[in-house]
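Asks: From the sequence below, what's the structure:
(one chain, ligands or ions: 1)
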Amino acid sequence: MEKIVNLCKRRGFIFPSAEIYGGFRSTYDYGPLGALMLRNVKEAWWLSMVQLRDDVVGLDAAILSSPRIWEASGHLKNFTDPLVECRKCHERSRADKIDGKCPACGSEDLTEAKRFNLMFKTHAGPVEDEGAVAYLRPETAQGMFVNFAAVLNTSRKKPPFGIAQMGKSFRNEITPQNFVFRTREFEQMEMEFFVPPEESPKWYEYWCNERFQWYVDLGIAKDRLRLRPHSAEELSHYSSGTSDVEFLFPWGWDELEGIANRTDYDLLAHTAVSGEPLEFFDQATSVRYVPHVIEPAAGATRTMMAFLIDAYEEDEVAGERRVVLRLDPRLAPYKVAVLPLSKHVDLVPVAREVLAKLQPLFMCELDVTQSIGRRYRRQDEIGTPWCVTVDFETLSDRAVTVRDRDTTEQVRVGIDGLVAELAGRYRG
Ligand code: GAP
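Replies: So this is what the prediction gives:
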C-alpha cells in the first residue's frame, strides 16, 4: 500500500487535499494523471453499461435535492453506523469494525453505541432554519428512482430496462481509511435495472456475472476477485439479496461493488411519500405493476485504486530494477508518450508533428528532458503502454521507434502508418 500511495503522490495521481494547509481529514485530490485515469474508469463503465446496450439510458441528477427523497428512501432513519467513544482517549470508532477495544489506546472502556447518521446536512438558501435543511446525496441511486416516471415517459423504454448514473456521493464516514478506499467524498457508478417482478432472480444472476466479468475484462487477475453473497444480517434495509464483487486488497478481501436485489422497495417508498404512482402499465397485456430493481453499485474512486494495486509490478530490464504499471491501455492515463531522443532543434519539431497526428485519437504526453532510458522508466511507472521515439534517423527515413511497455520490444514504424499501427494495438 505504501508503494502505491507514494507512487500516486510522486507521479501526480492522487494528492492529499489542501496539503499546503496540512491536509483535510482523509480527503484527496486527483492530480493530472489521476484525473485522466478516473475519467477512463468511468468511461469504461459507461461504455459497457450504456453505450454498448440498447436497454440502459443515462442520467445526471442533482446532488442537492428535496430532503423528502431521503425521508422516503429510509436514509434519514436507517443510514446510520453504530458510533462508540473511548472514555479514556476520546477516539470515536465504528462499533461494528472494532473488537470491543479502542483502536487508538486499547482501552475497553467504551460508551454505549449510538446510531450516527452518515448524511452530510446543509441548508439550501440564505435562511439556516429547519425548513431549509438539505442533504448531500449519499448515493446516486435515488436520482434514478425519483426520475423513473419521467424517464419512462420520455425514453420509449419498458422493463426490463435500466437507468445509469455516475457521480459524486458524500458520506460522513466515522473512520475513513485505507487511502481512497473509504473517503467522505467519492464517486459512484450505479445502475438501476427495472424488471417484471417474476424476472428479478434471473436478472440478479445476470448482473452479478456481467459485473464480475467487467473487472476481469479490464485486466484484474481472476484470483484477486471473488463474488461474495451477503449473509441475512449484512443486508441493507432495502435489499432481499446482495452479492459483493470483492478484490484482494493488501489488507485482505474487501468490496469493490455491490449487486443488490432492491425489490420494489424504493418505487413503493417514493409512491407512498410523494403520492405519485411509480409503476408500469404494459399496453400489450393490460397489466399494471411496480417493477423490481436490480442494482449494480460500484465505486469509481475505489475501483481506480484497485486497478492501480493490481497493475503494480517490479521487474528487471537489462539488469536494472523498474516499476511498471501494467494497466489496460483503456485505463492508462497516457496511451502514448512522444519522446525526441534529445532536445536537438531538428528533432523537437518532428516530435511535435508526430504528437499532432496522434492527439486527436489518443491522450499523449510529449516529454523532452532527461536521458531516453530515464524517460522510458518514468512512462513505465505511470503505465503508458507505448513510447514513440523520434531520433536522427527519423529525419531521413521518416520512421520512429515504437516501444512496448510490457515486453520493452521496439519496432520501427513509418510516421505515415503510425496512427494505424497504434490504433491496431489499442484495439488489441
Ligand atoms: N446504492 C447502493 C449503494 O450506494 P454501497 O455498497 O453503499 O451501495 C456502492 O455503495 C459502492 O460505492 C461501494 O461498493 C463502494 O465501491 C463505493 N463506496 C461506498 N462508500 C464509499 C466510501 N465512503 N468511499 C469510497 N467508495 C465508497
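Asks: out of everything not next to it in sequence, what's closest to residue 264?
Replies: Nearest residue to residue 264, sequence neighbours excluded (C-beta to C-beta, 6 or more residues apart in numbering): residue 290, at 4.4 Å. Heads up, the C-betas are built off the backbone N, CA and C, glycines and all.
Asks: thought the one you found was touching residue 263?
Replies: No - contact between residue 290 and residue 263 fails when scored by C-beta atoms under 8 Å: they sit 9.3 Å apart.
Asks: Quick check: neighbours shared by the two?
Replies: residue 197 (C-beta atoms under 8 Å, 6 or more residues apart in numbering).
Asks: who touches the closest residue to the ligand within the stretch 251-400 of the chain in this structure?
Replies: Residue of the stretch 251-400 of the chain nearest the ligand, by C-beta to the nearest ligand atom: residue 299 (2.4 Å). Applying C-beta under 8 Å, 6+ apart to residue 299 gives the contacts 186, 187, 188, 189, 256, 257.
Asks: Just give me how far the helix or strand encompassing the fifth one sits from the chain centre.
Replies: Per DSSP states H and E, residue 256 falls inside strand 252-263. With C-alpha atoms, centre = their mean, to the nearest Å as the basis, the distance from the averaged C-alpha position of strand 252-263 to the chain average is 14 Å.
Asks: How about residues contacting it?
Replies: 181, 192, 197, 200-201, 204, 207-208, 211, 215, 226, 228, 236, 238-247, 292-299, 302-303, 306.
Asks: And the buried ones among those residues, selectable in PyMOL?
Replies: To isolate the buried members of these in PyMOL, using 16 or more other C-beta atoms under 10 Å:
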select buried, resi 181+192+200+204+207+208+211+215+238+239+241+242+243+244+245+246+247+292+293+294+295+296+297+298+299+302+303+306
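Asks: Domain boundaries for the chain, per the record?
Replies: Listed domain ranges for the chain are 31-64+140-308, 334-426 (source: automatic domain parsing).
Asks: Turn these into CSV, including mean pLDDT.
Replies: Output for the domains of the chain, formatted as CSV (pLDDT from 0 to 100):
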stretch, mean pLDDT
domain 31-64+140-308, 97
domain 334-426, 97
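Asks: Next, format these as CSV and append distance to residue 101.
Replies: Formatted as CSV, the entries for the domains of the chain read as follows, by distance: least, C-beta to C-beta, whole Å:
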stretch, distance to residue 101
domain 31-64+140-308, 14
domain 334-426, 40
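Asks: in the sheet, who's paired with residue 288?
Replies: Residue 288 has the following beta-bridge partners by DSSP bridges: residue 281.
Asks: Could you give the number of residues near it?
Replies: Residues contacting residue 288 under the criterion other C-beta atoms under 10 Å number 10.
Asks: How about residue 237?
Replies: Other residues near residue 237 number 11, with proximity taken as other C-beta under 10 Å.
Asks: And for residue 94?
Replies: Residues near residue 94, counting by other C-beta under 10 Å: 16.
Asks: Kindly report the same for residue 400.
Replies: 26.
Asks: Repeat that for the one 10 residues further on.
Replies: Other residues near residue 410 number 13, with proximity taken as other C-beta under 10 Å.
Asks: And the one 5 residues further on, by the same measure?
Replies: Here the number of neighbours of residue 415 (other C-beta under 10 Å) works out to 17.
Asks: change the start of the numbering to 808 and stick with it
Replies: Taking 808 as the first residue, the last one we looked at is residue 1222.
Asks: For it, list the residues it contacts.
Replies: Contacts of residue 1222 (C-beta under 8 Å, 6+ apart): 1160, 1161, 1164, 1201, 1205, 1206, 1207.
Asks: next one: residue 962
Replies: By C-beta under 8 Å, 6+ apart, the contact set of residue 962 is 864, 968.
Asks: Select from the contacts of residue 1222 the one having the most neighbours.
Replies: Neighbour max across these (other C-beta under 10 Å) = residue 1207, 26 neighbours.
Asks: Name the helix or strand for that one, please.
Replies: Residue 1207 belongs to strand 1206-1211, assigned by DSSP H and E.
Asks: What strands flank that strand, and is each parallel or antiparallel?
Replies: strand 1193-1197 (antiparallel), strand 1217-1221 (antiparallel).
Asks: Past the first one, which element shows up next along the chain?
Replies: So the one you mean is strand 1193-1197. helix 1201-1204.
Asks: Tell me the helix or strand right after the helix or strand harbouring residue 958.
Replies: Assigned by DSSP H and E, residue 958 falls within helix 955-962. Heading C-terminal from helix 955-962, the first helix or strand you meet, by DSSP H and E, is strand 968-977.
Asks: how about the helices of the stretch 908-1057 of the chain, start to end?
Replies: 948-953, 955-962, 1007-1024 (DSSP state H, counting those that start in this stretch).
Asks: Equivalent analysis for the stretch 1058-1207 of the chain, please.
Replies: Using DSSP H, counting those that start in this stretch, helices in the stretch 1058-1207 of the chain cover 1072-1081, 1107-1118, 1154-1165, 1179-1188, 1201-1204.
Asks: What sits closest to the most centrally placed residue in the chain if chain neighbours are left out?
Replies: The residue lying closest to the centre of the chain (C-alpha atoms, centre = their mean) is residue 1107, at 0.9 Å. Excluding the flanking residues, the one nearest residue 1107 by C-beta to C-beta, 6+ apart is residue 994, at 3.9 Å.
Asks: what are the bridge partners for the spatially closest residue to residue 830 that is not a sequence neighbour, then?
Replies: Using C-beta to C-beta, 6+ apart and skipping residues adjacent in sequence, the residue nearest residue 830 is residue 823, 4.5 Å away. For residue 823, the beta-bridge partners under DSSP bridges are residue 835.
Asks: What parts of this protein come near the ligand?
Replies: 946, 948, 978, 980, 989-990, 993, 995, 997, 1062-1065, 1102, 1104-1106, 1108-1109 (C-beta under 6 Å from any ligand atom).
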